[in-house]
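Sequence and predicted structure below; questions after.
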Amino acid sequence: MTIQFPNLNLNLRYVPKAFHIMNCEVTLFGIMIAAGLLAGMEFIVMKAKRRNQNQDLYLAAFLAAVCGGLLGGRLAYAALHWDLYKSAPGMIANFRSGGMVLYGSLLGGILFAALFCRLVKRAFTEMADVLGMGFLLADIIGVWGNFFDRGCFGEYTESLFAMQLPLSAVRSGEVSSLIRENLVTVSEGTFIRVHPVFLYESVWCLLLLFLLLAFDRKKRFAGETFLLCLSGYGLGKMVTEYLRAEQIRIPGIPVSLTVLISAVLFAGCGITAAVRHSMNAKRAAARRLRREKIQEQQNLQEEPLSPEELRELTESLETVEKNRKL
């Protein structure tokens with residue numbers, strides 16, 4: 001039950017994983033995920049209201065994305081661990097047994113939200129800016145589920161934020177050889193000392209959310225905030241996944257698969273947003289220049305004539321009248 005941060009002199013002696021209500025186990029991991037989703041939902045509805053948009057439509061899109069995220073994350077996990085499910089494929093539907101892949105959830109959520117927008121005949125880019133920030137808020141809170149579950153931690157470290165977990169409280173498959181070589185023995189028992197990557201991710205996403213809220217008012221096209229959200233999220237995950245103890249590797253590639261995907265997400269979405277922002281800025285400047293030229297022409301036409309110009313115009317009209325009579 002103990003979680004320690006020795007370099008911060010912080011010792012949390014009782015941090016449970018779950019509690020029971022009438023013989024029903026309720027995990028704190030699930031509670032944090034649910035709390036994050038509820039917070040994200042409230043944020044999306046609030047933003048839709050401020051924009052005078054259909055709140056029910058945004059809420060439905062959010063729920064569609066949640067369903068897609070659960071399905072995509074579970075299917076991706078089953079595909080990467082097929083040896084565990086090939087003899088009993090029906091176990092894939094048992095979500096309580098655990099096992100989700102982050103980028104499977106991300107892809108599934110985007111696909112389901114885009115499909116929903118197509119069904120209701122709304123542009124996905126119109127809603128994606130708000131949906132993206134809502135899910136970012138959900139992750140800020142939901143990722144703390146890993147704190148209570150003692151999972152998804154980083155490699156061994158002696159840094160300021162090093163976290164000590166009882167060896168008996170973590171899954172053996174997540175304990176790397178480097179961690180086992182640096183076990184810490186104290187009066188309470190044997191501990192592992194690792195990076196609290198959940199904390200890093202939560203703080204990074206919180207900072208990213210504030211930056212996106214400030215930028216959203218200055219965006220130049222629908223979907224720009226969403227692209228920057230994906231790019232910033234990819235940058236943060238690139239770091240936290242690099243620090244993870246449990247990594248999925250492809251032979252011949254020095255970094256894990258999730259780090260590679262995070263780098264592609266960061267670069268791809270960031271470059272796309274930058275190029276489109278620049279193009280829209282140039283178009284806006286061209287439109288502004290055209291408006292200024294048109295205004296100048298109108299101003300010239302509205303200026304009063306000088307006495308000489310008035311006399312010349314009068315003489316010209318008189319000449320035209322004389323010729324007409326002739």
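Received the coordinates, thanks.

how much space between A162 and G173?
To G173, A162 is 21 Å away according to CB to CB, to the nearest Å. Heads up, the C-betas are built off the backbone N, CA and C, glycines and all.

ugh, wrong one, I meant Y77
Look at Y77 and G173: by CB to CB, they are 14 Å apart.

Looking at the two, which one has more neighbours?
For Y77 versus G173, neighbours defined as other CB atoms under 10 Å are more numerous around Y77 (20 against 8).

Test my guess that that one contacts L102.
No - using CB atoms under 8 Å, Y77 makes no contact with L102, being 9.8 Å away.

Give the residue spans of this protein that score low on pLDDT.
Applying pLDDT under 70 to the chain picks out residues 95-98, 294-326.

where exactly do the strands run in it?
Remark: strands assigned in the chain by DSSP state E are 3-5, 10-12, 18-21, 24-27, 163-166, 184-186, 189-194.

Return the most buried member of these.
Ranked by mean neighbour count, those are led by strand 163-166 with a mean of 22 (mean count of other CB atoms under 10 Å).

what sits up against it?
Strand 163-166 has contacts (CB atoms under 8 Å, 6 or more residues apart in numbering) with 2-6, 150, 153, 184, 188-196, 199.

can you pull the contacts of A60?
F116, V120 are the contacts of A60 under CB under 8 Å, 6+ apart.

and the gap between it and L230?
A60 sits 22 Å away from L230, going by CB to CB.

just L119 next, same as before
L119 is 23 Å from L230, by CB to CB.

Look at those two and report which has more neighbours.
Neighbours were counted for L119 and for L230 using other CB under 10 Å; L230 has more, 22 against 10.

correct me, but the more buried one touches L265?
Yes - between L230 and L265 there is a contact under CB under 8 Å: 5.8 Å.

what about the closest residue to Y58 other than its chain neighbours, neighbour count?
The shortest distance from Y58 to any non-neighbouring residue, by CB to CB, 6 or more residues apart in numbering, is to A48 (4.1 Å). Counted with other CB under 10 Å, residues neighbouring A48 total 22.

For the strands of the chain, give me CSV that also has distance to Q53.
Formatted as CSV, the strands of the chain follow (distance: least, CB to CB, whole Å):
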stretch, distance to Q53
strand 3-5, 42
strand 10-12, 42
strand 18-21, 38
strand 24-27, 35
strand 163-166, 42
strand 184-186, 53
strand 189-194, 43
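
List just the one of those strands that sits closest to S87.
strand 24-27 (26.4 Å; CB to CB).

Within the sheet, what are the partner strands of that closest one, with directions?
Here strand 24-27 has these sheet partners by DSSP bridges: strand 18-21 (antiparallel).

other SSEs contacting the longest helix along the chain?
Longest helix in the chain, counting residues (DSSP state H): helix 257-302. Packing partners of helix 257-302 (3 or more CB pairs under 8 Å, 6 or more residues apart in numbering; DSSP states H and E): helix 102-119, helix 224-243.

buried residues in the first one?
The neighbour-count check on helix 102-119 (16 or more other CB atoms under 10 Å) flags 102-114, 116-117 as buried.

I31: neighbouring residues, count only.
16.

Let me see the contact set for it.
G145 are the contacts of I31 under CB under 8 Å, 6+ apart.

what's the answer for L199, then?
Counted by CB under 8 Å, 6+ apart, L199 has contacts F147, F161, M163.

That one and F226: what is the separation?
L199 is 26 Å from F226, by CB to CB.

next one: M238
From M238 to F226 the distance is 19 Å (CB to CB).

Repeat that for C24.
38 Å.

And F135, by the same measure?
Using CB to CB, we find F135 at a distance of 10 Å from F226.

Between these two, point out the one with more neighbours.
F135 (29 against 23).

Is it correct that that one is in contact with A65?
Yes - using CB under 8 Å, F135 is in contact with A65, at 7.1 Å.

So for the two, which residues contact both of them?
Joint contacts of F135 and A65 (CB under 8 Å, 6+ apart) are G109.

quick one: H195 and C152 touch, right?
No - with contact defined as CB under 8 Å, H195 does not count as touching C152 (10.5 Å).

need the contact list for G154.
So G154 contacts V194, H195, P196, V197, T240, L243, R244, A245 (CB under 8 Å, 6+ apart).

Run through the bridge partners of it.
R244.

Tell me the buried residues in stretch 273-291?
Result for stretch 273-291 [16+ other CB under 10 Å]: buried residues A273, H277.

who's in contact with it?
Stretch 273-291 has contacts (CB under 8 Å, 6+ apart) with R220, F221, E224, L227, L228, S231.

burial measure for the second one, as a count.
In terms of burial, F221 registers 15 neighbours under the definition other CB under 10 Å.
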